[in-house]
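> A structural model of the following input is requested.
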Amino acid sequence: MRTKSLLSLVLLLTVTTSMAFSGDGWEKKPPKWHEIPPFPTPTPEPATHVLSVGVRDAKSDHGGDINAQRVRDAFVQFSSVKTAQVLPLTIGGIIDNRVALETMVDSMKAKVRPGDTFIFFIDCHGGFDFFGDETLVWAQASVLSFDFRVPTTGDEYFGLSRGDPAENINDDDFSQLFLDDTWEEVDKLFIISSCYSGGFWGDTIEGDTGDLARLHKTALIAASKESDFTYTLPDSETGLYLGNLGTALVATLEELKEQDSITYQELFNGLIHQGSIFEGSNGYILDFEDNWGVEVPVTFELFGAATEDFELTLGVPEPSSIVLLVLGAVMIGFGRFLRRRSNKA
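Predicted coordinates:
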């Protein structure tokens, strides 16, 4: 009803502004171009930009690149998504995976504006350094006994290489990519499917100031706590093993795609629900090579955190904004028509 009323007003303005009153009554008389009041340009709606990264590892039959493509395709169903890129990487490939990831993040930075939302997803191996300046945790290290844990104060990292540790990227270096003025005004959601992925958040209270928690307007959904494994599930279509968080994310987005908007908490709760469906089924873990061939029951225990100033933008634009965009286009077109009439006169 509100939309129809506004469009009717535009039609009335279009008719009456092309008429003028003379002694003989109303007649057509185009006003001068400078007499037409400027129509306010609508403020663009905040847009969502998605970068979905997946790492293929033939040695462990891990198809992170498959999950990355499916996640990207699930996000493009939402009309707020303006940019959606997928970055497939291969362990042992001919390119430097770390350089490729950093280059793509830099490319996405050129697309975002203040008020936009950036969503980063990755499905890959994960690991940790034993020594560093992080808070001490006791991390799982063997599927032969889930109670067997080792102490670590080191950084967590994305496992992008097997032979060159410098090609991996740790939590400090990764968060550094987003520590500048451009990203400062962008809401950033990181969805990480790797072992020990909760460690990418960090603990600023305890003095670990190098992780994602130091950024503004930031949130994390991780497939596991800092101390725990993440699991893969067999994929019947490809015969590969895909991280369970990516599988749950695709199902959650499909379930929520009809909503006008999705909050961070709604997305997190949806993931927990979808993850509970396959919890207890058989799968494999994503870290420590001697564990890759050992089938174990899958668990699904997410880690989530967000800064107070984070707000997720994912859904469809507000109806009022759509109307303003229509009005703007109509008035601009009408103004050009009057200018041509005035020039001919």
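> Which stretches in this protein count as helices?
Counting by DSSP state H, the chain has helices at residues 2-16, 64-75, 97-109, 171-176, 181-184, 244-256, 264-278, 319-344.
> Quick check: residue 275 vs residue 219, distance?
Applying C-beta to C-beta, to the nearest Å, the value for residue 275 to residue 219 is 18 Å. No exception for glycine: its C-beta is placed from N, CA and C like everyone else's.
> these two touch, right, residue 160 and residue 166?
No. Applying C-beta atoms under 8 Å as the test, residue 160 and residue 166 come out as separate, 10.0 Å apart.
> Neighbour count for the two, which is higher?
Legend: neighbour count by other C-beta atoms under 10 Å for residue 160 and residue 166, higher for residue 160 (27 against 9).
> So for that one, what's the nearest residue that isn't a sequence neighbour?
Distances taken as C-beta to C-beta, 6 or more residues apart in numbering place residue 97 nearest to residue 160, at 3.8 Å, with adjacent residues excluded.
> what's the pLDDT at residue 130?
Reading off the confidence values, residue 130 has pLDDT 93.
> Apologies, that question was intended for residue 46.
Note for residue 46: predicted pLDDT of 88.
> burial of it, as a residue count?
Using other C-beta under 10 Å, residue 46 has 18 other residues around it.
> do residue 268 as well
17.
> From residue 44, how far out is residue 55?
Applying C-beta to C-beta, the value for residue 55 to residue 44 is 34 Å.
> Settle it for me: which of those two has more neighbours?
residue 55 (28 against 13).
> can I assume the more buried one is in contact with residue 125?
Yes. At 6.9 Å, residue 55 and residue 125 qualify as touching, with contact defined as C-beta under 8 Å.
> Tell me where the protein is predicted with low confidence.
Along the chain, the model assigns pLDDT under 70 to residues 1-43, 205-209, 286-293, 316-345.
> again, only using 90
The chain contains residues with pLDDT under 90 at 1-46, 58-61, 92-95, 132-135, 141-148, 162-164, 202-210, 258-261, 278-299, 313-345.
> per the record, what domains does it have?
Following automatic domain parsing, the chain resolves into domains at 2-43+327-344, 48-306.
> can you tell me which residues contact the closest residue to residue 172 other than its chain neighbours?
For residue 172, ignoring the flanking residues on the chain, the nearest one in space by C-beta to C-beta, 6+ apart is residue 210 at 3.5 Å. Taking C-beta atoms under 8 Å, 6 or more residues apart in numbering, we find residue 210 in contact with 133, 155, 171-172, 175-176, 202.
> Quick check: the gap between residue 210 and residue 137.
Where residue 137 is concerned, residue 210 sits at a distance of 15 Å (C-beta to C-beta).
> residue ranges of the strands in the stretch 51-200 of the chain, please?
62-63, 81-90, 117-123, 125-128, 137-140, 149-152, 156-159, 169-170, 187-193 (DSSP state E, counting those that start in this stretch).
> which one of those lies closest to residue 229?
Residue 229 lies closest to strand 137-140 among the strands of the stretch 51-200 of the chain, at 5.2 Å (C-beta to C-beta).
> If we go by neighbour counts, what in the closest one is buried?
Residues of strand 137-140 classed as buried: 137, 139-140 (neighbour count, 16 or more other C-beta atoms under 10 Å).
> what does stretch 263-272 give?
Residues of stretch 263-272 classed as buried by neighbour count (16+ other C-beta under 10 Å): 264, 267-268, 270-271.
> Distance to residue 183 for the residues you listed - can I get that in CSV?
Converted to CSV, those look like this (distance: C-beta to C-beta, whole Å):
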residue, distance to residue 183
264, 18
267, 21
268, 22
270, 26
271, 24
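> and which of the residues you listed is nearest to residue 298?
residue 271 (14.3 Å).
> My guess is the closest one contacts residue 245. True?
Yes. Counting by C-beta under 8 Å, residue 271 does reach residue 245; the two are 7.2 Å apart.
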